[in-house]
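Q: How does the following fold in three dimensions:
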Amino acid sequence: MNWKLVFKVLGRVELVVMAAMTLPLACALLYREDPTPFLYSMGIIACISLPLSFLPTKSSSFFLREGFATVGLIWLFTGVVGGLPFFFDGGGGFNTIWDCIFEASSGFTTTGATILTDIESLPQGILLWRAFTHWLGGMGILVLATALLPSMGIRSHYLAQAESPGPVFSKLVPKQSQTSKILYSIYCVMTAVEVALLKLAGMPFYDALVHSFSTAGTGGFSNRAASVGAYDSAVIDIIIGVFCLLFSINFALYFLVLQKRIWEALKSDELRFFLIVVALATVAIAVDILPQYGSILQSLRYSFFQVASIISTTGFATADYVLWPQTAQYILILLMFCGACAGSTGGGVKCSRMLLLLRAIRREIHQIAHPRSVEVVRLDGKVVDEGTLRSVLVFVGCYILVLFGAGFIVSLDDVTFDVSFSAALTCLSNVGPGLAEIGPVGSFAAFSPLSKAVLSVTMIAGRLELFPILVLLTPSICRKY
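A: Okay, the predicted model is just below:
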């Protein structure tokens, strides 16, 4: 393991995180708030990152094991330094360092789970930083770093592979730095369009910026205690709901659209599966909650927004779905598990994996019924190799093990099963709100430091799709083979 190179990359990436703090710092100065939380944080990050970023290294080559370990370490460290502004602010409910780490980890992993109970009492700069961490983490911290620092001095293929969401890693163009720039260009344009639309819909510019950052990263942090429901606007609900879905679609499809290969993008099996699930879930929940709202248009409005928010793993809310019938809540739990599309900013198992899993199950059943038949699994018309199918099965197995393991540790806080299970699921799938006390109007404040630490790691593991963290925690990582 080339630890010097690992720490050099860590230092350079954290300098990008430090530079990102200039935006909330400017916001704090604009609103005449105390800027010291950001100044202290930037100073500490600089003192740690600058020496690391100039470490002399003999080789600039990364192998798969090192790439996965580096990505895991970067995200864990970012969760810590990202919480420094909350720690130095010292108010609004951040009582311990674990609260700060939990909030920052939730931000960068685009989970949206919070320990705050009085959100609107926080300074504007701190609230903007919360939302901006979603935007930074949505496309990936290393994707941002390679877009801004293409001359980091490393071969970043394995780093991008470790951070990329989905069962298959692919680049849009041969150079990873160019791929990163294309992705962030699309990301920035879509974010700017949402800000403009929300402003036109009557939302204040600052609020539009906060909610657009959160939507783009499919995170869910709001500067309002009632989340998007505070605006009580059907137009705002539709805009944010639609953009939740847009940011949940594989960004490679947008690249195809830009290349005027629209029909090829529309033929995506994952896209069609995703849209069908959204449509069926919306209709099913709307019918289930119709007696509560009395109008089909109202029930469709609230059903669509919650479905879009949950399947995209954004976590915004316009209604307290904990008060909905059990069937509606059960469907939302299934959507948490399913998640968004691969190659998007959303979390969860990913629709492509769910589709491959279902097709693999169908093939297995068919081969049992017809032992002499030969059948392959296809995705987008292409044969999926057995190695990819095996990785999907292993991933889902690990996902379930981590889910129940984290849920068991949370249950030590003597909470009910729906709280412990949904806390683990919502953090692992990077959704945000869970059930009961941790629903859309609740928070994670009552959990013990142990639970908050475990859930913080669970959020990072879910964002990185498990293996970088599992590799980092493997005792044999330093062993030579």
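
Q: where does the stretch 251-400 of the chain dip in pLDDT?
A: For the stretch 251-400 of the chain, applying pLDDT under 70 flags no range at all.

Q: how close does the nearest residue to L435 once chain neighbours are set aside sit to W98?
A: Closest residue to L435 apart from its sequence neighbours, by Cβ to Cβ, 6 or more residues apart in numbering: S422 at 4.1 Å. Quick note: C-beta positions are derived from backbone N, CA and C, even for glycine. To W98, S422 is 20 Å away according to Cβ to Cβ, to the nearest Å.

Q: The two: which is more packed in?
A: Per other Cβ atoms under 10 Å, whichever of S422 and W98 has more neighbours is S422, with 26 against 19.

Q: Now do the contacts for that one.
A: Counting by Cβ atoms under 8 Å, 6 or more residues apart in numbering, S422 touches I333, G434, L435, A436, I438.

Q: Spell out, range by range, the helices that occur in the stretch 251-400 of the chain.
A: Assigned by DSSP state H, counting those that start in this stretch, the helices in the stretch 251-400 of the chain fall at 251-258, 262-266, 269-293, 296-311, 326-338, 351-369, 386-411.

Q: same thing with the stretch 101-250 of the chain?
A: 124-139, 141-148, 157-163, 176-200, 205-216, 234-246.

Q: Now the first one: average pLDDT?
A: Which is helix 124-139. Averaging pLDDT along helix 124-139 yields 94.

Q: tell me which residues of that helix are tucked away?
A: 124-139 (16 or more other Cβ atoms under 10 Å).

Q: again with the last one
A: In terms of neighbour count (16+ other Cβ under 10 Å), helix 234-246 has its buried residues at I236, D237, I238, I239, I240, G241, V242, F243, C244, L245, L246.

Q: ok and it relative to helix 251-258, angle-wise?
A: Counting by axes from the mean of the first three to the mean of the last three Cα atoms, to 10 degrees, helix 234-246 lies at 100 degrees to helix 251-258.

Q: Show me how far helix 234-246 is from its chain's centre.
A: Helix 234-246 sits 18 Å away from the centroid of its parent chain (Cα atoms, centre = their mean, to the nearest Å).

Q: so who does the closest residue in space to T313 that isn't next to it in sequence touch?
A: In space, and not counting its chain neighbours, T313 is closest to G347: 3.9 Å by Cβ to Cβ, 6+ apart. Going by Cβ under 8 Å, 6+ apart, G347 touches 109-111, 165, 218, 313, 339-340, 429-431, 462-463.

Q: can you pick the most crowded of those?
A: T111 (37 neighbours).

Q: next one: phi and psi at the residue nearest in space to the middle of the chain?
A: Centroid-nearest residue in the chain: T110, 3.6 Å away (criterion: Cα atoms, centre = their mean). Backbone geometry at T110, expressed as degrees, to the nearest 10, gives phi 60, psi 40.

Q: are any of the contacts of S422 buried, and which?
A: I333, G434, L435, I438.

Q: can you list those residues in TSV and add secondary structure?
A: Shown next, in TSV, are the buried ones among the contacts of S422 (DSSP: H, G, I helix; E, B strand; the rest coil):
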residue	secondary structure
I333	helix
G434	coil
L435	coil
I438	helix
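
Q: residues near S268, how many?
A: Counted with other Cβ under 10 Å, S268 comes out at 21.

Q: Mind checking what secondary structure the residue nearest to L435 has?
A: helix.

Q: For it, give its distance to T191.
A: 29 Å.

Q: picking up where we left off before, of all the helices of the stretch 251-400 of the chain, which lies closest to N223?
A: N223 lies closest to helix 296-311 among the helices of the stretch 251-400 of the chain, at 16.6 Å (Cβ to Cβ).

Q: Next, the angle from that closest one to helix 234-246.
A: Going by the same axes, to 10 degrees, helix 296-311 makes 40 degrees with helix 234-246.
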